[in-house]
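Participant: here is a sequence with its predicted model. Questions after.
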Amino acid sequence: QVHLVESGGGSAQPGGSLRLSCVVSGVTVDRYPMGWFRRVPGKEDEGVSCLDHRDPRYTDSVKGRFTASRDGATSTMYLQMNDLKPEDTALYYCETRCGLFDGDTYYNNYAGVNYRGEGTQVTVFS
């Protein structure tokens with residue numbers, strides 16, 4: 001079975017940094033396109049980043065601040081979040097698909113399987 005488990009969330013002040021991890025078991029982390037998403041109550045889930053066979057992609061609001069990466073040796077995907085803002089407050093989760101707005105273009109990469117972790121909470125406040 002495939003499992004995704006996120007960690008690394010917490011509280012941070014504006015301008016601070018956090019690094020999220022998504023440990024993938026059951027398959028290698030580079031087997032599928034991998035996305036980070038975030039959820040805020042009352043809003044639609046938002047795609048944050050995408051790692052697939054192309055260059056990494058990010059939604060506009062995090063470009064230049066967030067960096068996604070993955071390590072095949074540990075089967076882990078990361079999201080380095082710098083210069084955090086209060087609007088980054090959300091439940092962040094990883095999923096075996098990509099779906100985000102890159103500018104005005106919606107980029108979607110779905111390999112036919114959909115596995116998702118439970119998420120890790122990020123709270124940014126003064």
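Facilitator: In hand now; what should we look at?
Participant: flag the shaky bits of the protein, pLDDT-wise.
Facilitator: By pLDDT under 70, the chain has no low-scoring segment.
Participant: looking at it, which strand is longest?
Facilitator: In the chain, with assignment by DSSP state E, the single longest strand is strand 18-25.
Participant: state the distance from Y110 to S17.
Facilitator: Between Y110 and S17 the distance is 30 Å, computed by C-beta to C-beta, to the nearest Å. All C-beta spots, glycine's among them, are computed from the backbone N, C-alpha and C.
Participant: of the two, who's got more company?
Facilitator: Neighbours per residue, other C-beta atoms under 10 Å: of Y110 and S17, the larger number sits with Y110, 14 against 11.
Participant: show the contacting residues for V23.
Facilitator: V23 makes contacts with L4, V5, S7, T74, S75, T76, as judged by C-beta atoms under 8 Å, 6 or more residues apart in numbering.
Participant: which of the residues you listed ranks first by neighbour count?
Facilitator: L4 (22 neighbours).
Participant: the closest residue to that residue other than its chain neighbours: how many residues sit nearby?
Facilitator: Residue nearest to L4 in three dimensions, not counting chain neighbours: G117, with 3.7 Å by C-beta to C-beta, 6 or more residues apart in numbering. Applying other C-beta under 10 Å, we find 19 residues neighbouring G117.
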